[in-house]
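Trainee: Here is a sequence with its predicted model. Questions after.
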Amino acid sequence: MNDLMLKVYLAAPDPTKQAPAGIDRKVTQMLGMAAWVGTAAGVLGIIITGVMMTISMKRGESSEHMSRLGMVLAGCCLIAAAGPFADWLFSDGGTAPQEQPQNQPQNQDG
């Protein structure tokens, strides 16, 4: 049984970590369009919330527009943070070793 498992393990392909040629440009373009659409949706959400607030004020109704505006702004922050977070996650994940300062002899006057 162990020989069979070893043969299966050794026969398994070892995929490369590189994306197929030409796909990185397409993925970057798709993510750019998604970010643009998300930003446009956030701006549209703020405008719609403002219009609804204006209509409610004119009618004398009170509504919970501030919570709706908070949700829209939280969504905008999430969209804005998605790009830098993905860049951090896929670059080195924050695990790159930091350079340690060299121990230099200290000059003691005295």
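Mentor: Arrived safely. Residues are numbered from 1 along each chain as shown.
Trainee: Quick one: find the helix or strand in the protein with the lowest mean pLDDT.
Mentor: helix 2-11 (a mean of 78; mean pLDDT, DSSP states H and E).
Trainee: Give the buried residues for that one.
Mentor: Within helix 2-11, no residue counts as buried by 16 or more other Cβ atoms under 10 Å. C-beta here means a position set from N, CA and C on the backbone, and glycine is covered the same way.
Trainee: Ok, stretch 22-42 next?
Mentor: 38, 42.
Trainee: pLDDT on that stretch, on average?
Mentor: When pLDDT is averaged along stretch 22-42, the result is 85.
Trainee: Report the separation between Gly50 and Pro15.
Mentor: 50 Å (Cβ to Cβ, to the nearest Å).
Trainee: repeat for Arg59
Mentor: 61 Å.
Trainee: Which one's more surrounded, these two?
Mentor: Just comparing Arg59 and Pro15: by other Cβ atoms under 10 Å the higher neighbour count belongs to Arg59, 9 against 6.
Trainee: Report the next helix or strand after the top helix by length along the chain in sequence order.
Mentor: Ordering each helix of the chain by length in residues (DSSP state H) puts helix 23-59 first. Where DSSP states H and E defines the elements, the next helix or strand beyond helix 23-59 is helix 65-91.
Trainee: how about that next one: buried residues?
Mentor: Those would be 68-69, 72, 76, 79, for helix 65-91 by 16+ other Cβ under 10 Å.
Trainee: For those, name the two members farthest from one another.
Mentor: Arg68 and Ile79 (16.8 Å; Cβ to Cβ).
Trainee: ok, and the closest non-adjacent residue to the residue nearest the centre of the chain?
Mentor: By Cα atoms, centre = their mean, the chain has its centre lying nearest to Ala82, at 2.2 Å. For Ala82, ignoring the flanking residues on the chain, the nearest one in space by Cβ to Cβ, 6 or more residues apart in numbering is Ala35 at 7.4 Å.
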